[in-house]
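J.: what follows is a predicted protein model with its sequence.
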Protein chains: 2
Amino acid sequence: MLIPTLREMPSDAQVISHALMLRAGYVRQISAGIYAYLPLANRVIEKLKTIMHEEFAKIDAVEMLAPALLTADLWRESGRYETYGDDLYKLKNRDQSDFILGPTHEETLTVLVRDAVKSYKQLPLNLYQIQPKYRDEKRPRNGLLRTREFIMKDGYSFHADYASLDVTYEDYRKAYEAIFKRAGLDFKGIIGDGGAMGGKDSQEFMAITPDRTALDHWLVLDKSIASLEEIPEDTVQAIREELLSWMTAGEDTVVYSDGSGYAANLEMASSEFKTVTKVAVQEEVERVATPDCKTIDEVSVFLDVPVEQTIKTLLFMADHEPLAVLLVGNDQVNTIKLKNYLGVDFLEPASEEAAREIMGAGFGSLGPVGLPDTVRLLADRRVEAIANAVTGANTDGFHLTGVNPGRDFKADYADIREVREGEMSPDGKGTLKFARGIEIGHIFKLGTRYSESMGATVLDENGRAVPIVMGSYGIGVSRILSAVIEQHARLFVNKTPKGDYRYSWGINFPSELAPYDIHLITVNVKDEQANSLTTKIERDLQEEGYQVLTDDRNERAGSKFSDSDLIGLPIRVTVGKKAAEGIVEVKIKATGDTIEVNAENLSETLEILGKGSSE
Amino acid sequence: MLIPTLREMPSDAQVISHALMLRAGYVRQISAGIYAYLPLANRVIEKLKTIMHEEFAKIDAVEMLAPALLTADLWRESGRYETYGDDLYKLKNRDQSDFILGPTHEETLTVLVRDAVKSYKQLPLNLYQIQPKYRDEKRPRNGLLRTREFIMKDGYSFHADYASLDVTYEDYRKAYEAIFKRAGLDFKGIIGDGGAMGGKDSQEFMAITPDRTALDHWLVLDKSIASLEEIPEDTVQAIREELLSWMTAGEDTVVYSDGSGYAANLEMASSEFKTVTKVAVQEEVERVATPDCKTIDEVSVFLDVPVEQTIKTLLFMADHEPLAVLLVGNDQVNTIKLKNYLGVDFLEPASEEAAREIMGAGFGSLGPVGLPDTVRLLADRRVEAIANAVTGANTDGFHLTGVNPGRDFKADYADIREVREGEMSPDGKGTLKFARGIEIGHIFKLGTRYSESMGATVLDENGRAVPIVMGSYGIGVSRILSAVIEQHARLFVNKTPKGDYRYSWGINFPSELAPYDIHLITVNVKDEQANSLTTKIERDLQEEGYQVLTDDRNERAGSKFSDSDLIGLPIRVTVGKKAAEGIVEVKIKATGDTIEVNAENLSETLEILGKGSSE
């Protein structure tokens, strides 16, 4: 069996799941961002596939398999061959025809369905596949979290109308929740950005990465340790530092309410907004010198005006047209919300040079008053309520005071700011909390984005050709392996016979995804009685349906136990010194509890333990 | 469900399996040689995977999954990046590094094992994977038989010595036989050419393609037809022509003995060879004019000498050196045997121009007598026994008579001729028969070809570094879908109420690979009683573990039955006019037999039929 465990933590890993996957012999990198799934990882993926097959059968989704090597013509039809960007692997075949390696399969499935389906009666169709996808990531990193070849479950549904899409979309939402729950993941379904796929409604599923300061989450104490309190403070401090030495694997920020079900990607999140009636007397606009004031905070201090009464002005190029964006004080612009509001393809901050040319001043002194008509003006909706605001004067080193929206400038207003932790939830229930998450699934209402560009229509009940309405549904299969290890990595703390406290990393795999159920270890392979007892136990357990990984290598006991902690199967059964008496030790990974049982009673014990752990 | 059956045979298919896979809605081509496996095909492949998983578990082969996108550096290490040829897909990533799409994974697995294994104690290892492979075929054709993206099971074993390899190789041989048998394939394990993979011993597994003149094989007569004899001769003739209008899908020629287990690819086949003692009196060499004699047959007639007394001389360039090859009369050279005997990388026929320059004559007048030392001379071993032979004189329009090997020229002798059907088996038992076959599996003893070039060694019992001994084992998974349909395509013959005989193509899927067990058809979906009976039957059968494909489309009965014949599930259950009485019709695909049963007794009937068919 190829399980090449490592003695030390690999030095090139920054997140704990990456380090443990390498160290426990689950995967090996073949080239940057391209991995081989060794037998242990392959078993986890197969188990996840089985869960998916079962849950998708319940919603009448049917499996198929499209090729990964796709003719560029398919992607030219949808227009994505040109717009997808540098992440698209492109190649030529021996005839010099253009091909790509599929990062996703909207086009392929649209063409298959377009050619096979003529009437609304043949719809809905609900198809999915599980296969490697390709994305030439600029900076592959963090193990299986950002790779160039990765395994996806991608599903596509085809409908005669939106009502039918809504039903399937809701089916998938539930199926995804069931799958992630069975996989033992701590996750949230949140409002996501569908823009990238050309879609409308979308929901992201995020595996929440654990807080690195929550010792309760991370530590598994050996049963010889009564509680965390007995561990010396310097050891606890070392443990805290060990935990903080790993980067969080969550690349996304999840915003959720502590008082309602509201949850969204930071990219899409809103907070409560109330229209405020202005009561202040409107002052006259005055131009004041603000030498050396580069930031909102400096201007606020210099003019002795609250930050909330200042307006920050940013200049963007939106589809190559200048756009001035206004925000209250130190609010940050949310470029995803901005882009979705504008409906543009390209949005980027203008250079300071462009700002001088268009607005007449550098970044610190931009403002909305007296702009030429060529500059579009868009303000966050909170800006409208500010009276007698301070803004840049569009002259370096000068600001305006007494600026009043409506009177002194005209703008469109929209929700384009990034929310902050602690603000009220947009539904008015609870305050917003932030967490870090790994995107493990995403469902989209694509609508007719692909069917219209690729001419996929059906005849409706009245014999009219209408574009097929589509949904798309993805799960990052290989990513889930990282996410589950990120959530189930543990520091196992032991007390040595001398009374020292030692800690070491390992995995505590949830039972439904664990590569095997039981790690069966013979301590001394030269002990004939132990060997024959091991063989008997292995056979008996397998007959009862358990998946058993047997370690009968001629190695030191210590290295076998340490490998077992790393690999992280739910149950360890040790055939040791009491083999002659028929006694083995059972250790429950999740709790650190160990008990001695007669091998005869092993299966009964496991059954009771299994029931206990599922309660 | 996406099963896009076609009304007509697709015009672009030349072999029946290709035509039926398209027509029955199993696959669709996305671009030349690149297919999407639609739900039916995907189910067949999943069933084949399950069979493989079960049989490989028995021989302790462990599944893993390597990437398909491989850094070229891996292949540079083995030397294959340069030598593999135009079939290798090459591409660059965004950093302009070279990559390939893996056509096979010897290098990848060798590197993984090299880096993980240090001692002979960690061996043997036996790993396999099932994944798409890539080969940029010059002329993709015949459906899934020759494609650019195809699904392979590839396995690799790693050993400390050859004895251990022999054991695993034998395990695989048996596992392959078990897999192909369970898959319902008519196959032969034959001696194969291991040269291409750099190997030693190798065995190929060939699915035998049916003889297109064997009506018994192809026809399934409706039960209203007593026997083939009652069908009018012109219809039978039309059937014969229909069968012959399809090309054989077997690209390889299988040579086997009718009196022993001997079987080999024509590329490797031998026939019996007995050393004959020459008794004839040796004549003198004479030069004779043979005007207008271009072929051996013409020379034989002109000089009135038996063909068996003539020697044919061919000129090759072997690794850029001239090589004259001698054969008896009209024997054909077997270039694979020739290449393997010579151990050269490049072998190609010389141009006639080169022949004139090197030998002094054109192709019709070459001979072995008086050649310059620069030309190597290799003769088939049968040449040695000819006395007083006729050969070319190395002058256009002239031959020599009375040529005696040994006396008049010196050559090396080896078995380099192509065998002919009807010759004696090389083991002396039986005569050789030819059949056409599709290669579905191949096992190789690779030896140290890869471990030596890539530095994969282990320390042996004496602490010496020795190269790892390897085996490699492939199954063409997607090919098997073609092979099984090729073998199980049938012409279903029916008698119309008017007494006409009609025939149409369909599949008769073997039960273990059929996408579903049962095709359940409601004839009239507007009949409420039929609908509710169908729903009940579907649920009951599924509960008993049957996989049921239900056709409750609002279509004509004829088109439902015709789709059912095409798709080819082993059992068809029809809920028709007698639904109100609870009576359904059961049809056994393989025999054409139909019976009416009460739905209550359906599962019992199926059980009895199942037992009958497995006997």
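T.: Cool, the structure landed.

J.: tell me the confidence at the residue in the stretch 101-250 of chain A that chain B sits nearest to?
T.: Here the stretch 101-250 of chain A gets closest to chain B at one residue, residue A:116, 3.6 Å apart by C-beta to the nearest C-beta. C-betas here are computed from N, CA, C, even on glycine. At residue A:116, the pLDDT value in this model is 95.

J.: got the phi/psi numbers for it?
T.: phi -100, psi -20 (degrees, to the nearest 10).

J.: my guess is it contacts residue B:5. True?
T.: No: using C-beta atoms under 8 Å, residue A:116 is not in contact with residue B:5; the gap is 9.6 Å.

J.: common neighbours of these two, please.
T.: residue B:25 (C-beta atoms under 8 Å, 6 or more residues apart in numbering or on different chains).

J.: circling back: contact partners for the residue of the stretch 101-250 of chain A closest to chain B?
T.: Per C-beta under 8 Å, 6+ apart, neighbours of residue A:116: A:122, B:2, B:4, B:25, B:28.

J.: correct me, but the first one touches residue A:458?
T.: Yes: counting by C-beta under 8 Å, residue A:122 does reach residue A:458; the two are 7.2 Å apart.

J.: which one's more surrounded, those two?
T.: residue A:458 (23 against 17; other C-beta atoms under 10 Å in any protein chain shown).

J.: and that one, how far is that from chain B?
T.: Distance, residue A:458 to chain B, by C-beta to the nearest C-beta, to the nearest Å: 14 Å.

J.: who's in contact with that residue?
T.: Residue A:458 neighbours (C-beta under 8 Å, 6+ apart): A:117, A:118, A:119, A:120, A:122, A:123, A:160, A:465, A:466, A:468.

J.: which parts of the stretch 451-600 of chain A are strands?
T.: All strands of the stretch 451-600 of chain A, identified by DSSP state E, counting those that start in this stretch, fall at A:457-459, A:465-467, A:469-476, A:489-495, A:501-507, A:518-522, A:548-551, A:571-575, A:583-588, A:594-598.

J.: which parts of the second one are buried?
T.: Counting neighbours by 16 or more other C-beta atoms under 10 Å in any protein chain shown, one finds that the buried residues in strand A:465-467 are A:466, A:467.

J.: partner strands of it, parallel or antiparallel?
T.: Using DSSP bridges, strand A:465-467 pairs in its sheet with strand A:457-459 (antiparallel).

J.: excluding chain neighbours, what is closest to the closest residue to chain B within the stretch 501-615 of chain A?
T.: Ranked by C-beta to the nearest C-beta, the top residue of the stretch 501-615 of chain A for proximity to chain B is residue A:554, at 7.0 Å. The shortest distance from residue A:554 to any non-neighbouring residue, by C-beta to C-beta, 6 or more residues apart in numbering or on different chains, is to residue A:525 (5.2 Å).

J.: can you report how many residues lie near the one you found?
T.: 16.

J.: right, and residue A:203 touches residue A:189 too?
T.: Yes: with contact defined as C-beta under 8 Å, residue A:203 reaches residue A:189; the gap is 5.5 Å.

J.: which one of the two is surrounded by more residues?
T.: Neighbour comparison, residue A:203 and residue A:189: the larger count goes to residue A:203, with 22 against 18 (by other C-beta under 10 Å).

J.: pLDDT value on the residue nearest to residue A:554, please?
T.: 91.
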